[in-house]
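A.B. asks: no sequence on this one, just coordinates:
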């Protein structure tokens, strides 16, 4: 073989080795460059037109009236409505419209007696049920929050107060509940 051919053949072998070794190595360095944090290189963008979190779908049923004389029947719908409004305004929850409910309101509070599939079908992640009892000018309200997917109670609370002060009572409870639920689901 001639000297030019030998040189040409060794050059092509060298080029071939470079292509097999150098290019993957350069690709590795480029990928590494992207993964290594660089001071001042990161930028934070806040899109003020996009929601900041995924809102939790919550179904809030009408409350059952356990009073012997069925006093204050308007609380059955008024309490859940105020809770629904307050939870919606918190920004963490999206209450589901009652027209979508497959079950009628009842006083069933035991997880074994609730058909969670009916709530899951309409997209509910959480279910809030409640009852109240009026005795004279006093009222006792009991709330229970259920995880629809797991079919179990997450929390329950009983609040006592005066009928006249009920609007403040359930607003405080809604604020407390929103904070606790958001902490449990949002971190």
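C.D. replies: Sure, I can see it. The model shown is predicted, which means the values in this text are computed figures rather than measured ones. Residues are numbered from 1 along each chain as shown.
A.B. asks: and the contacts of stretch 65-74?
C.D. replies: With contact meaning C-beta atoms under 8 Å, 6 or more residues apart in numbering, stretch 65-74 is reached by 75, 76, 107, 131, 132, 133, 134, 135, 139, 163. Quick note: C-beta positions are derived from backbone N, CA and C, even for glycine.
A.B. asks: so how many other residues sit close to the first one?
C.D. replies: Read it as residue 75. 21 (other C-beta atoms under 10 Å).
A.B. asks: still on that earlier bit, could you export the contacts of stretch 65-74 as JSON lines, including pLDDT?
C.D. replies: Below are the contacts of stretch 65-74 laid out as JSON lines (pLDDT from 0 to 100):
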{"residue": "75", "pLDDT": "84"}
{"residue": "76", "pLDDT": "85"}
{"residue": "107", "pLDDT": "70"}
{"residue": "131", "pLDDT": "91"}
{"residue": "132", "pLDDT": "91"}
{"residue": "133", "pLDDT": "91"}
{"residue": "134", "pLDDT": "89"}
{"residue": "135", "pLDDT": "87"}
{"residue": "139", "pLDDT": "89"}
{"residue": "163", "pLDDT": "81"}
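A.B. asks: okay if I get the residues you listed as a markdown table plus secondary structure and distance to residue 154?
C.D. replies: Shown next, in a markdown table, are those (DSSP: H, G, I helix; E, B strand; the rest coil; distance: C-beta to C-beta, whole Å):
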| residue | secondary structure | distance to residue 154 |
| --- | --- | --- |
| 75 | helix | 23 |
| 76 | helix | 23 |
| 107 | coil | 19 |
| 131 | strand | 17 |
| 132 | strand | 20 |
| 133 | strand | 23 |
| 134 | strand | 27 |
| 135 | strand | 28 |
| 139 | strand | 24 |
| 163 | helix | 28 |
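A.B. asks: got a PyMOL select line for the buried ones in the residues you listed?
C.D. replies: A single PyMOL command suffices to select whichever of these are buried according to 16 or more other C-beta atoms under 10 Å:
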select buried, resi 75+76+131+132+133+134+139+163
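A.B. asks: which of the contacts of stretch 65-74 sit farthest apart?
C.D. replies: 107 and 163 (19.5 Å; C-beta to C-beta).
A.B. asks: re the thing from before, can you add distance to residue 156 and give the contacts of stretch 65-74 back as CSV?
C.D. replies: Formatted as CSV, the contacts of stretch 65-74 follow (distance: C-beta to C-beta, whole Å):
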residue, distance to residue 156
75, 19
76, 19
107, 14
131, 11
132, 14
133, 15
134, 20
135, 20
139, 17
163, 22
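A.B. asks: how near is residue 110 to residue 129?
C.D. replies: As judged by C-beta to C-beta, to the nearest Å, residue 110 and residue 129 stand 10 Å apart.
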